[in-house]
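Student: need a 3D model of the sequence below.
(chains A and B)
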There are 2 protein chains.
Amino acid sequence: MKRIESAKNPQVKQWKKLLSKKERDKTGLFLIEGFHLVEEALRSGVDIVQLIVDEQKTLPPSWNVDNILITLVTEGVMKEMSDTETPQGIVAVCRQCSCEQTEMKTVLMVDAVQDPGNLGTMIRTADAAGIDAVILGEGCADLYNPKVIRATQGSLFHLPIIKGNLEEWMARFQQQNVPIYGTSLQNGVDYQSVTPAETFALLVGNEGSGVRRELLEMTTTNLYIPIYGKAESLNVAVATGILLYYLRHTR
Amino acid sequence: MKRIESAKNPQVKQWKKLLSKKERDKTGLFLIEGFHLVEEALRSGVDIVQLIVDEQKTLPPSWNVDNILITLVTEGVMKEMSDTETPQGIVAVCRQCSCEQTEMKTVLMVDAVQDPGNLGTMIRTADAAGIDAVILGEGCADLYNPKVIRATQGSLFHLPIIKGNLEEWMARFQQQNVPIYGTSLQNGVDYQSVTPAETFALLVGNEGSGVRRELLEMTTTNLYIPIYGKAESLNVAVATGILLYYLRHTR
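Tutor: Residues are numbered from 1 along each chain as shown, chains lettered A, B, ... in the order given. Have a look, this model is predicted:
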């Protein structure tokens, strides 16, 4: 088994580069960190290119890693590569997948959500709600940003997450007579007036400016969540949770 | 108007100390940052001890700050005091309030939610849902932590937020026949089986371990949110949003 002691090792520098979007886009690789995420990746059949393990740590005996290249590193090297303050001692280099398009009865479309924690939490929420796919439009945080991955808690491995052009997808849903629900503080209807259905696409948008106007004009109906108190709005991930659980409510 | 140029000025050091919980507890003061939050504080009648303003910024003419001490500072001093990477140029020193107990028909109780972003988002969500008060039990992030305040988006000024002993509050709700809904992944009932009512207390818990067992034994019913996909759980702020909006649904 290979062992690396120095943070100046070219291989370590190469790995560290994957913390930037540019390098991730160029190589088609990304990093995940921590035992829980690596376990989720293994279980989900993610293509793990190699595992980097703190030499003081032990891999769980239940893990099947026979065919995966493992490199041991010192605690110092691990710290250098980690995106967190207290590294767990394991990082995996994974290959980005071009998601197969499975049947999509229920879809979450995301327009320009920029906060990585919000985006990751929304993917986790879509997974929990049993949504079939998430489509990320332009202007969203990078799916492979370590903070996004961490907030998904592994859900990015559980359902197809597609980077795409929202206009094109919406045109396709229109053709298929899939109801598209936009979200808007103005000119919408109370979400509770919609009847949950087998099939829908929900469209949510940017933290500050919401869903782009051009997109809101392409929806079937635009929904709002009533504010009963004095808050101006809800956090976008919380709003997504309320709407997804309502829309799939009675199924 | 007083003007401070040096970050070494003792007054600046004194303000900066308020970024620590210890100093906040000692003095009963806390800082808020940014035009939106200060405006919310002014509008909500918060006791603002003084305003610290970047000398290059202008206060909105609509603000009534006649009776508030204002100190101008340089951009450098402002940067020194700020908890954010791109300071907006305004900070207010505020006095913590001991909330008056208004009538509480609906309450959110929080057991040991540690992430400041989660706690702030939950307070914002409770405000949006029109909940009458939030009770923070032991082990929660500090309400006056700048990250909590930021995530509330000003909602901490909109409803009473009480630090208290959850056992004592639950005993009180029991006496008043207020239904107390705990949340638990095990041994609960689907939240959709509960009938929304005028009055309830919802109890949510720690990100990792959930609500403490002793508390779950004092509830009327414990609820869970079904997971339809492969996620293990929902983010606690998202779960709080789904439950609060469901419980006040038909009112």
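
Student: got the residues of the stretch 51-200 of chain A near chain B?
Tutor: The stretch 51-200 of chain A comes close to chain B at residues A:117, A:121, A:124-131, A:151, A:153-155, A:158-159, A:192, as judged by CB under 8 Å from any CB of the partner chain. C-beta coordinates here come from the backbone N, C-alpha and C atoms, glycine included.

Student: how many neighbours does residue A:165 have?
Tutor: 11 (other CB atoms under 10 Å in any protein chain shown).

Student: tell me the SS of the residue in the stretch 51-200 of chain A positioned nearest to chain B?
Tutor: Of the stretch 51-200 of chain A, the residue with the smallest distance to chain B, taken as CB to the nearest CB, is residue A:130 at 2.8 Å. Of the three states, residue A:130 takes coil according to DSSP: H, G, I helix; E, B strand; the rest coil.

Student: is it in contact with residue B:229, as I believe?
Tutor: Yes. If you go by CB atoms under 8 Å, residue A:130 and residue B:229 touch, sitting 4.5 Å apart.

Student: show me what residue A:205 is bridged to.
Tutor: Beta bridges link residue A:205 to residue A:111, judged by DSSP bridges.

Student: tell me the pLDDT of it.
Tutor: Looking at residue A:205, its pLDDT stands at 97.

Student: what of the one 3 residues further on?
Tutor: The per-residue pLDDT reported for residue A:208 equals 94.

Student: related to what we said a few turns ago, residue A:130 and residue B:229: which is more packed in?
Tutor: Using other CB under 10 Å as the criterion, residue A:130 and residue B:229 rank with residue A:130 on top: 19 against 16.

Student: and the more buried one, how far is that from residue A:140?
Tutor: 22 Å (CB to CB, to the nearest Å).

Student: now name the helix or strand holding residue A:86.
Tutor: Assigned by DSSP states H and E, residue A:86 belongs to neither a helix nor a strand.

Student: from residue B:203, how far off is it?
Tutor: Taking CB to CB, one finds residue A:86 at 29 Å from residue B:203.

Student: what's the answer for residue A:134, then?
Tutor: 31 Å.

Student: likewise residue A:122?
Tutor: Residue A:122 sits 25 Å away from residue B:203, going by CB to CB.

Student: circling back: neighbour-wise, which of residue A:86 and residue B:203 wins?
Tutor: residue B:203 (28 against 7).

Student: confirm the more buried one sits in a strand?
Tutor: Yes. According to three-state DSSP, residue B:203 belongs to a strand.

Student: wait, it sits on residue B:211?
Tutor: Yes. Contact status for residue B:203 versus residue B:211: in contact at 5.8 Å, counting by CB under 8 Å.

Student: convert the C-alpha atoms of stretch A:222-235 to CSV, please.
Tutor: The C-alpha trace of stretch A:222-235 is given here as CSV (Å, rounded to 0.1, in the frame of the first residue of the first chain):
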residue,chain,number,x,y,z
ASN,A,222,-47.2,29.7,-9.3
LEU,A,223,-47.5,28.9,-5.6
TYR,A,224,-46.8,30.9,-2.4
ILE,A,225,-46.5,29.8,1.2
PRO,A,226,-48.5,32.1,3.4
ILE,A,227,-46.6,34.0,6.0
TYR,A,228,-48.7,34.2,9.2
GLY,A,229,-46.2,36.1,11.2
LYS,A,230,-43.8,39.0,10.6
ALA,A,231,-41.0,37.2,8.7
GLU,A,232,-40.6,38.4,5.1
SER,A,233,-40.0,35.0,3.7
LEU,A,234,-38.9,31.4,4.4
ASN,A,235,-35.5,29.9,3.9
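
Student: which parts of it are buried?
Tutor: Neighbour counts over stretch A:222-235 (16 or more other CB atoms under 10 Å in any protein chain shown) mark A:222-225, A:228-231, A:233-235 as buried.

Student: low-confidence ranges in the stretch 151-251 of chain A?
Tutor: Residue ranges of the stretch 151-251 of chain A with pLDDT under 70: A:249-251.

Student: wait, what's in contact with the residue of it found nearest chain B?
Tutor: Nearest residue of the stretch 151-251 of chain A to chain B, counting by CB to the nearest CB: residue A:228, 2.8 Å away. With contact taken as CB atoms under 8 Å, 6 or more residues apart in numbering or on different chains, residue A:228 is in contact with B:128-130, B:248.

Student: ramachandran angles for it?
Tutor: phi -90, psi -20 (degrees, to the nearest 10).

Student: same check, this time on residue A:180
Tutor: According to degrees, to the nearest 10, residue A:180 has phi -110, psi 120.

Student: thought it was touching residue A:204?
Tutor: No. In this structure residue A:180 lies outside contact range of residue A:204 using CB under 8 Å: 11.8 Å.

Student: between the two, which one's more packed in?
Tutor: residue A:204 (24 against 20).

Student: so who does that one touch?
Tutor: Residues in contact with residue A:204 (CB under 8 Å, 6+ apart) are A:108-111, A:113, A:122, A:183, A:211, A:236, A:239-240, A:243.

Student: ok, now residue A:71?
Tutor: Counting by CB under 8 Å, 6+ apart, residue A:71 makes contact with A:1-4, A:11, A:50-53.

Student: so where's the stretch 1-150 of chain A uncertain?
Tutor: Ranges of the stretch 1-150 of chain A meeting pLDDT under 70: A:99-101.

Student: which stretches of it form strands?
Tutor: A:2-4, A:29-33, A:48-54, A:69-73, A:90-95, A:106-111, A:133-136 (DSSP state E, counting those that start in this stretch).

Student: any chance of those strands in CSV, plus distance to residue B:79?
Tutor: Formatted as CSV, the strands of the stretch 1-150 of chain A follow (distance: least, CB to CB, whole Å):
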stretch, distance to residue B:79
strand A:2-4, 39
strand A:29-33, 31
strand A:48-54, 36
strand A:69-73, 37
strand A:90-95, 34
strand A:106-111, 33
strand A:133-136, 34
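
Student: now the helices for chain A?
Tutor: For chain A, helices defined by DSSP state H occupy the ranges A:10-17, A:21-27, A:35-43, A:75-81, A:116-128, A:146-152, A:166-175, A:213-216, A:236-247.

Student: now do the longest one: which elements does it pack against?
Tutor: Other helices and strands packing on helix A:116-128, by 3 or more CB pairs under 8 Å, 6 or more residues apart in numbering or on different chains; DSSP states H and E, are strand A:106-111, strand A:133-136, helix A:146-152, helix A:236-247, helix B:236-247.

Student: do that again at 7 Å, thanks
Tutor: Packed against helix A:116-128 by the contact rule (3 or more CB pairs under 7 Å, 6 or more residues apart in numbering or on different chains; DSSP states H and E) you find strand A:106-111, helix A:146-152, helix A:236-247.
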